[in-house]
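J.: structure here, sequence nowhere to be found:
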């Protein structure tokens, strides 16, 4: 991939000299894809002393992918989700989706582990019975690198604040975001 980029830069510079384009001219870089990153909970509220399912959902436009959490290429930057929670609130390790293995021109058809389309990164959140506030706000930071078949873009961080109201252990809950969590409890 690096050789391809160097060769491309050289050819653009050579062409510029041949047709009289100033050497400091740079073509507009290809824009990064607009990857949707949103946070969801499986319930409308969290109960004190209980666990609620949560997820970060990545919506990746067609023709693009992001490197998986465990990419196969040694230069591929992995997708990593880090969650900051208020004191006492416990966040379980993130469960990353299964990767798709693709061979792409950009890396000389070397196999890469990637996410395409919709990628759902799941985790559980436990609110302690002694939690005093009426709301939990998680600070999620997603780091990923997006690519298409020809080029990879610089890594990007996206931050998401995930808010959920907190109620007592006996208060009723409603299931939410079934399209992410399905019918599981």
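T.: Here it is on my side, so go on. Just so we're clear, the structure is a prediction, and the values are computed from it rather than from any experiment.

J.: would you verify that residue 179 is located in a helix?
T.: Yes - under DSSP: H, G, I helix; E, B strand; the rest coil, residue 179 falls within a helix.

J.: can you check the pLDDT for it?
T.: Confidence at residue 179, expressed as pLDDT, is 96.

J.: enumerate every residue touching it.
T.: Applying CB atoms under 8 Å, 6 or more residues apart in numbering, one finds that residue 179 lies in contact with no residue. (C-beta placed from N, C-alpha, C; glycine too.)

J.: separation between it and residue 108?
T.: For residue 179, the distance to residue 108 under the criterion CB to CB, to the nearest Å works out to 38 Å.

J.: number of residues surrounding residue 134?
T.: Neighbouring residues of residue 134 were enumerated by other CB atoms under 10 Å; the total is 9.

J.: hmm, I was thinking of residue 45
T.: For residue 45, the neighbour count with other CB under 10 Å is 20.

J.: OK, contacts around it?
T.: Contacts for residue 45 (CB under 8 Å, 6+ apart) come out as 164-167, 171, 173-174.

J.: tabulate the residues you listed (a markdown table), appending neighbour count and pLDDT.
T.: Shown next, in a markdown table, are the contacts of residue 45 (neighbours: other CB atoms under 10 Å; pLDDT from 0 to 100):
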| residue | neighbour count | pLDDT |
| --- | --- | --- |
| 164 | 21 | 98 |
| 165 | 14 | 98 |
| 166 | 19 | 98 |
| 167 | 18 | 98 |
| 171 | 11 | 96 |
| 173 | 14 | 96 |
| 174 | 7 | 97 |
